[in-house]
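Enquirer: Next input, structure requested:
(one chain, ligands or ions: 1)
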Amino acid sequence: MVDQNAVYAAAGDPTPLPSLRWDEPPEGPVLVLLDQTRLPGEETELVCTDVPALVEAVRTLAVRGAPLLGLAGAYGVALAAVRGYDVEEAAGLLAGARPTAVNLGYGVRRALAAYRKVAGGGGGPEEAGAAALAEARELHRQDAEASARMAEHGAVLLRELLPGGGYRLLTHCNTGRLVSGGEGTALAVVRKVHRAGELRRLWVDETRPLLQGSRLTAWEAARSGMAYTLLSDNAAGSLFSAGEVDAVLVGADRIAADGSVANKVGSYPLAVLARYHHVPFIVVAPSTTVDPETPDGASIEVEQRPGHEVTEFVPTQVPGGAREAGMGIPLAPLGTQAYNPAFDVTPPELVTAIVTEHGVVSPVTGDAIGDLCSRSRQVTIS
Ligand SMILES: CSC[C@H]1O[C@H](OP(=O)(O)O)[C@H](O)[C@@H]1O
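Expert: Presented below is the predicted three-dimensional model:
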């Protein structure tokens, strides 16, 4: 059996199927998603012809990751507009599909503002739809550019914090090409230092319950030819105590005005471990993830997901993941109640640095966050 990842690594890690792309077949415009619930076993594309299908894909994490959710939101508004659906209704459905990642609502607002500007100015539906699509494409370009800049800023930060290279980096969840129009956020930094020969080991948290680490980050790391090792989330502590972690790099779904960081559940315990063991805890996220309207961590709505994602294991061959209870292999007695927050919140005092496309800020100096917020590209609808 061919090890496809080894083939890609040998070819210099070409970009796999895009996480998301707009297509215009004869039967009408569609949004094509790489179905992330089917990875790593199957590279299957999901074709969305309408917004309800896209909303379902967001809810089941077939498309996921804060920056990519922003693109999905923007392209979703464009899809509704060019296909003649109710754009305002579509925008509401998309923005409400998942509550924590601020990028989703941001992407929707960007495309909706472009649509309304043309429609409100007397432009016809076709022209307004084209404006929404152009804005989605511009956001896509900006996200790819932001990813490249974050990779650069993050690599410089690591060289300042840890002179000499040979980094042993730990990451949580998935923050690579699968969440971005470019190379991602935290994993884009890892790829950058890997290509510079400075990565000694990438420790990959499996990230229960949906296993974004083992299924997605390990898949990306293998294709990139990185030296990586998978670990169960509860094994991270023993790595720190053995002195095997030089820095932690994670993404974010929402950064509040005080520097609190909402990210995949399990990030906060890593921040506590990092602080206790004097290891840098670095958050990498585009400025579209910074939300000046959210004052602090307590104000961030943390998505609570269905308990069956904890009590059952769903093989990746199940399209759309574990849509409902009973689809998986029981991991607990029938009827077991489960607590399943999708995210947790790390307070600013545990965050060493936040890397965005604009540079690096340290949340402990509030003015730096203030500066970051002021530069955050939030869009308000008039
Ligand atoms: C850099 S955005 C990736 C971010 O999104 C993930 O959440 P989910 O897989 O539920 O979309 C996780 O929080 C990652 O850090």
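
Enquirer: and residue 253, what pLDDT?
Expert: Confidence at residue 253, expressed as pLDDT, is 98.

Enquirer: which residues of the chain fall in helices?
Expert: Listed in chain order, the helices of the chain (DSSP state H) span 4-10, 51-59, 66-82, 87-95, 102-120, 125-161, 186-195, 212, 218-224, 236-241, 267-276, 308-311, 366-375.

Enquirer: touching the ligand at all, the fifth one?
Expert: No: applying C-beta under 6 Å from any ligand atom, one finds that helix 102-120 is not in contact with the ligand, the shortest distance being 7.8 Å. The C-beta positions use only the backbone N, C-alpha and C, and glycine is treated the same way.

Enquirer: pLDDT-wise, which helix or strand of this structure ranks last?
Expert: helix 366-375 (a mean of 55; mean pLDDT, DSSP states H and E).

Enquirer: I'd assumed residue 255 was in contact with residue 299.
Expert: No: using C-beta atoms under 8 Å, residue 299 and residue 255 do not qualify as a contacting pair, with a distance of 11.9 Å.

Enquirer: Quick one: neighbours of the one residue in the stretch 251-382 of the chain that gets nearest to the ligand, just the number.
Expert: The nearest approach of the stretch 251-382 of the chain to the ligand comes at residue 251, 2.7 Å away (C-beta to the nearest ligand atom). Other residues near residue 251 number 30, with proximity taken as other C-beta atoms under 10 Å.

Enquirer: Also residue 262?
Expert: Residues lying near residue 262 (other C-beta under 10 Å) number 29.

Enquirer: pLDDT at it, what is it?
Expert: pLDDT for residue 262: 98.

Enquirer: wait, what's in contact with it?
Expert: 100, 252, 253, 254, 255, 256, 297, 300, 302, 343, 344, 345 (C-beta atoms under 8 Å, 6 or more residues apart in numbering).

Enquirer: So the first one sits against residue 252, correct?
Expert: No: with contact defined as C-beta under 8 Å, residue 100 does not count as touching residue 252 (10.0 Å).

Enquirer: Could you chop this structure up by domain?
Expert: 4-143, 150-375 (automatic domain parsing).

Enquirer: thinking again about what came up before, number of residues surrounding the residue nearest to the residue of the stretch 251-382 of the chain closest to the ligand when sequence neighbours are not counted?
Expert: Among residues not flanking residue 251 along the chain, residue 175 sits closest, at 3.8 Å (C-beta to C-beta, 6 or more residues apart in numbering). Residue neighbour count, defined by other C-beta under 10 Å, stands at 33 for residue 175.

Enquirer: Could you dump the contacts of residue 262 into TSV and include neighbour count?
Expert: Formatted as TSV, the contacts of residue 262 follow (neighbours: other C-beta atoms under 10 Å):
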residue	neighbour count
100	22
252	31
253	30
254	26
255	33
256	26
297	21
300	22
302	16
343	26
344	19
345	23
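
Enquirer: and residue 98, how far is that from residue 50?
Expert: Going from residue 98 to residue 50 by C-beta to C-beta, to the nearest Å gives 18 Å.

Enquirer: again with residue 128
Expert: From residue 128 across to residue 50, the span is 18 Å (C-beta to C-beta).

Enquirer: what do you get for residue 284?
Expert: Counting by C-beta to C-beta, the gap from residue 284 to residue 50 is 34 Å.

Enquirer: Those two: who's more crowded?
Expert: The neighbour comparison of residue 284 against residue 50 (other C-beta under 10 Å) goes to residue 284, with 30 against 16.

Enquirer: Surely the more buried one is in contact with residue 150?
Expert: Yes: counting by C-beta under 8 Å, residue 284 touches residue 150, with 5.4 Å between them.

Enquirer: Next, show the common contact partners of the two.
Expert: Common contacts of residue 284 and residue 150, defined by C-beta under 8 Å, 6+ apart, comprise 185, 188, 189, 355, 356.
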